[in-house]
Structure formats: C-alpha cells, structure tokens
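[1] Turn this into a structure:
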Amino acid sequence: MADEGNGGQASADQQAQPSLNIVAQYVKDLSFENPGAPKSLQQRAASPNINISVGVQANALTSEEVEVELKIESRAVDGEKILFIIELVYAGIFRMKNVAKENLQALTLIECPRLLFPFARQIVAEASRNGGFPPLLIDPIDFVALFRNQSGAKAGEPPAPAADGAS
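    Numbers count the residues shown, from 1 in each chain. This is a model prediction of the structure:
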C-alpha cells in the first residue's frame, strides 16, 4: 500500500511539471524576389553583400496556447543592384502548461523560436537554391541576445502586463 501512496505523489508531481509542446508549425508567408533575372544569375568577381534580419513576435491564442512567428528577411546586393530578396514568416503554435508567469515571456520569445529556426533556415536555403543561387545557410541565432536586445530597446517604455506573455 505504501507504493500506491508514492505513485499518487509521483502523478501529482508530473502534473505540476512545466511543459512546452509544439501543436503545429507552418509557413505563414514566403516571398522570393529575383528582380534582375537572368542577369543576376551570372558569375561575379566578388561575393554579394547579404543582409539578414530576424524578428520574433508572439500572439496568445488561448490561456495555454501561443502562436510564435519567426520572421527572417534576407537581401543580397551587388553594389546598388538587388540580386534577391527572401522574406519568410515561419510560425508555430505552442502549448505551455504550468509555466510560471515570470518565465512565460522568455520561454515564448527564446525557446519557441529556437525550436522553429532549423525549419525556417532550411526553407530559406531551399528558396535561394531554387531561385538559381547557392543555398543561403543562415548561421545559428542567439535568441537570448535577441530577446535581451528587444527588452533593452523597450526599457524606456512602460512595462507590458505580465499576463500578456507576448511582445
């Protein structure tokens, strides 16, 4: 009978454990532009300049579910000429249970995009390759630093409600 008591306690402990589950992930928006084709596909003496910007946005869907969008924009230019532009919004729906309110925003804006990134990276690489260019392989992103930069930029603004969990 002592085992039954421990089993009941273990079950209660498991229910109280924080959890993060991916419910779905999907391409929300994808755009590839090659405005100078076919001239943009010619051999060049120097590598183009490639600028990549990354953003994260979250929207609460229910009390336990949030949609997180990972936005990646890449632009390759040779001097003044645009070679290609890739814009991707890759999103996921995440279910979070038993997460302390003080950890909710960091979990949403750091861990969720970290889980989405490998899939978004592959889509960007395939889009550039399918557009006639070498695959654009984006280096790993430090989502902790991105979160801190976004939080620091908002330091002068009044704090958002803690229950929001999204920025």
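
[2] Helices of this protein, residue ranges please.
    2-16, 101-106, 112-130, 143-153 (DSSP state H).

[3] Distance check, the nearest residue to residue 129 once chain neighbours are set aside against residue 56.
    Spatial nearest neighbour of residue 129, excluding adjacent residues (Cβ to Cβ, 6 or more residues apart in numbering): residue 135 at 4.4 Å. Heads up, the C-betas are built off the backbone N, CA and C, glycines and all. For residue 135, the distance to residue 56 equals 23 Å [Cβ to Cβ, to the nearest Å].

[4] Neighbour count for these two, which is higher?
    Neighbour count, other Cβ atoms under 10 Å: between residue 135 and residue 56, residue 56 has more, with 22 against 13.

[5] Report how many residues lie close to the spatially closest residue to that one that is not a sequence neighbour.
    Counting by Cβ to Cβ, 6+ apart, residue 56 lies nearest to residue 113, which is 4.8 Å off, once chain neighbours are set aside. Residue 113 has 26 neighbouring residues, counting by other Cβ under 10 Å.

[6] shift numbering so it begins at 41
    All set: I'll call the first residue 41, so the last point we hit is now residue 153.

[7] What is the burial count for the residue lying closest to residue 56 once chain neighbours are set aside?
    Sequence neighbours aside, residue 138 is the residue nearest to residue 56 in space, at 5.7 Å (criterion: Cβ to Cβ, 6+ apart). Using other Cβ under 10 Å, the number of residues around residue 138 comes to 10.

[8] residue contacts, residue 138?
    55, 56, 57, 58, 59 (Cβ atoms under 8 Å, 6 or more residues apart in numbering).

[9] mind checking how far the residue nearest to residue 169 is from residue 162?
    9 Å.

[10] before we move on, what about residue 69?
    Residue 69 is 16 Å from residue 162, by Cβ to Cβ.

[11] swap in residue 104?
    Plainly put, residue 104 is 28 Å away from residue 162 if you go by Cβ to Cβ.

[12] One more: residue 118?
    Distance from residue 118 to residue 162, by Cβ to Cβ: 25 Å.

[13] Report the residue spans of the protein with pLDDT below the cut-off.
    41-55, 192-207 (pLDDT under 70).
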